[in-house]
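Student: this is the structure alone, sequence omitted:
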């Protein structure tokens with residue numbers, strides 16, 4: 001059962017500015033004597049899903065019903081966040097991965113996305129996938145492979161990093177993109193939005209799509225500006241098989257997007273906050289897609305101005321096929337609930353005690369005229385009672401029971417049973433930070449020996465020939481290597497006949513490290529007897545290092 005119960009499929013209507021909605025959910029419940037009715041339903045929806053051992057199948061159905069497909073198998077996401085670029089000409093920003101983690105957590109906790117239906121490509125998280133071109137495309141393939149065969153699902157794709165336009169085509173730049181070597185190199189190392197994103201989604205017959213694009217993110221300094229051509233190119237229309245789409249750009253054309261002091265995209269962070277409850281809720285407690293988008297569009301400009309009064313960042317949305325105010329997108333569980341107005345309860349930390357100790361308060365309201373007694377207290381999940389419960393306790397005044405939390409990563413739920421009804425209090429699981437990895441370059445191996453590779457060439461006498469200057473290129477066997485320097489030497493008595501092509505430079509080497517940096521070129525003037533020219537390339541290798549939240 002999902003975090004929102006078994007919700008019947010909603011239905012979108014084409015005749016009224018196409019959109020879709022989700023019908024009201026049926027209540028889920030806790031087994032046996034812990035079934036709470038009425039006002040406890042929302043609380044227990046949340047608790048039941050998180051209590052289930054190993055269960056991560058949280059979901060909200062969308063689209064029209066499909067026989068044999070669970071209501072909790074309908075929401076999927078791909079989250080890509082590029083913080084550091086290998087190409088020094090591209091702006092790097094360590095930190096957006098934290099936003100990726102928070103987005104992942106908010107989608108699973110509040111929006112009904114099963115964690116098994118989400119792929120994160122940000123260099124951290126369970127899979128620790130570095131956001132290279134190959135990894136991004138592989139993750140997209142894995143997500144699409146999980147979508148039902150008819151494509152009747154909602155897919156959310158989030159990209160944080162840099163984007164550009166070349167030869168009229170939009171490209172999303174992964175970590176290993178090369179932007180300084182011309183359009184051909186850019187196209188071969190980046191992600192072609194039309195061919196590799198848009199067309200794949202259409203081929204897969206995805207029905208509903210939400211696309212979040214922060215393609216100009218910068219810190220407190222100068223940042224790239226979003227081009228009108230990029231906005232025009234990164235677009236979808238709600239035409240079959242795609243029935244509804246919302247494309248959100250972090251800023252408007254001609255402007256930049258920014259990160260806060262914690263190095264999080266303020267655009268993605270606002271989206272997360274909205275799902276966590278900051279966005280306005282409908283009467284039934286749901287946060288609609290429309291309410292969420294309004295919160296993002298109202299909040300981001302204020303946050304940008306706080307970073308620097310000159311910063312202007314206004315997110316823009318293009319929506320086709322959705323009725324945003326009818327799409328139940330996220331929900332925040334209530335922390336307390338009671339089956340009667342004559343009872344109240346709460347879980348609180350006493351403040352001065354140990355971090356894992358909480359107090360469960362239970363009291364009768366002032367209007368209650370019925371003699372009330374607590375008959376039992378149960379800690380349903382995440383903790384144990386500090387003292388055993390004995391005989392019934394009259395509620396002539398507020399009562400407290402100590403509860404020791406035994407698993408910070410699990411929700412805490414306590415229920416009081418009285419002669420007039422039941423009351424429950426709930427605390428969310430504390431966020432468990434996923435490890436954050438960064439790529440560090442090392443020049444020595446585990447034994448402390450420098451990474452190096454030797455290349456040798458036998459010279460020849462080219463005196464008087466037009467090709468007296470010999471030239472060539474060499475490539476490392478370790479293609480992930482990054483050459484830092486190349487040393488030239490010569491072996492044999494006739495070395496004096498192999499020298500620098502430029503007169504006056506003597507025996508110095510003529511070497512240039514190329515792009516990609518696992519290749520270098522060389523030139524020599526050969527005008528005498530045979531010798532052996534030797535080039536020793538010293539290089540670095542990338543090593544993924546855990547820098548935060550390490551296991």
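Tutor: Cool, the structure landed. Just so it is clear, the structure is predicted and the values come from calculations on it, not from any experiment.
Student: after the helix or strand hosting residue 337 comes which helix or strand?
Tutor: Counting by DSSP states H and E, the element that carries residue 337 is strand 336-338. Using DSSP H and E, the helix or strand that follows strand 336-338 in sequence is strand 343-348.
Student: mean confidence score for that next one?
Tutor: Mean pLDDT, computed over strand 343-348, is 86.
Student: and that strand, what does it pack onto?
Tutor: Counting contacts by 3 or more Cβ pairs under 8 Å, 6 or more residues apart in numbering; DSSP states H and E, strand 343-348 is packed against strand 336-338, strand 357-364, strand 412-418, strand 422-427. C-beta coordinates here come from the backbone N, C-alpha and C atoms, glycine included.
Student: remind me what the second one packs against, helices and strands.
Tutor: Right, the one you point to is strand 357-364. Checking 3+ Cβ pairs under 8 Å, 6+ apart, strand 357-364 ends up next to strand 343-348, strand 373-381, strand 399-405, strand 412-418, strand 422-427.
Student: could those go into JSON lines alongside mean neighbour count?
Tutor: Below are those laid out as JSON lines (neighbours: other Cβ atoms under 10 Å):
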{"stretch": "strand 343-348", "mean neighbour count": "19"}
{"stretch": "strand 373-381", "mean neighbour count": "18"}
{"stretch": "strand 399-405", "mean neighbour count": "18"}
{"stretch": "strand 412-418", "mean neighbour count": "25"}
{"stretch": "strand 422-427", "mean neighbour count": "26"}
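Student: to residue 534, which of the ones you listed lies closest?
Tutor: Taking Cβ to Cβ, strand 399-405 is the member of these nearest to residue 534, at 65.3 Å.
Student: direction included, what does the closest one pair up with?
Tutor: Strand 399-405 has the following strand partners under DSSP bridges: strand 357-364 (antiparallel), strand 383-385 (antiparallel).
Student: let's have these in TSV, adding mean pLDDT.
Tutor: Output for these, formatted as TSV (pLDDT from 0 to 100):
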stretch	mean pLDDT
strand 357-364	89
strand 383-385	88
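Student: closest to residue 337 out of these?
Tutor: strand 357-364 (13.1 Å).
Student: who touches the closest one?
Tutor: 342-350, 372, 374, 377, 383, 386, 395, 397-405, 412, 414, 416, 418, 423, 425, 427 (Cβ atoms under 8 Å, 6 or more residues apart in numbering).
Student: could you redo the last one with a cut-off of 7 Å?
Tutor: By Cβ atoms under 7 Å, 6 or more residues apart in numbering, the surrounding residues in contact with strand 357-364 are 342-350, 372, 374, 377, 395, 398-405, 412, 414, 416, 423, 425.
Student: ditto for stretch 229-241
Tutor: So stretch 229-241 is in contact with 18, 151, 163, 165, 169-170, 193, 198, 202, 205, 207, 209, 213, 215, 242, 244-245, 247, 249, 253, 318, 320-321, going by Cβ under 7 Å, 6+ apart.
Student: separate out the buried members of these.
Tutor: 151, 163, 165, 169-170, 193, 198, 202, 205, 207, 209, 213, 215, 242, 244-245, 247, 249, 320-321 (16 or more other Cβ atoms under 10 Å).
Student: which of those fall within helices?
Tutor: residue 202 (DSSP state H).
Student: what about residue 106, how many residues nearby?
Tutor: 19 (other Cβ atoms under 10 Å).
Student: kindly list the longest helix within the chain.
Tutor: The chain, longest helix under DSSP H: helix 289-307.
Student: who are the packing partners of that helix?
Tutor: Helix 289-307 makes packing contacts with helix 266-273, strand 328-331 when contacts are defined by 3 or more Cβ pairs under 7 Å, 6 or more residues apart in numbering; DSSP states H and E.
Student: report the distance from stretch 80-94 to the chain centre.
Tutor: Between the centre of stretch 80-94 and the centre of its chain there are 15 Å (Cα atoms, centre = their mean, to the nearest Å).
Student: repeat for stretch 101-120
Tutor: 9 Å.
Student: and the end-to-end length of it?
Tutor: 8 Å (Cα to Cα, to the nearest Å).
Student: name the residue closest to the centre of this protein, please.
Tutor: Centrality entry for the chain: nearest residue to the mean C-alpha point is residue 100, 2.6 Å, by Cα atoms, centre = their mean.
Student: list phi and psi for it.
Tutor: Phi and psi for residue 100, reported as degrees, to the nearest 10, are phi -60, psi -40.
Student: that one reaches residue 120, doesn't it?
Tutor: Yes: at 5.6 Å, residue 100 counts as touching residue 120 under the criterion of Cβ atoms under 7 Å.
Student: list residues touching both of the two?
Tutor: residue 79.
Student: coming back round to it: show me what the strand holding residue 337 is packed against.
Tutor: By 3+ Cβ pairs under 7 Å, 6+ apart, strand 336-338 packs against strand 343-348, strand 422-427.
Student: right, I'll call it a day here.
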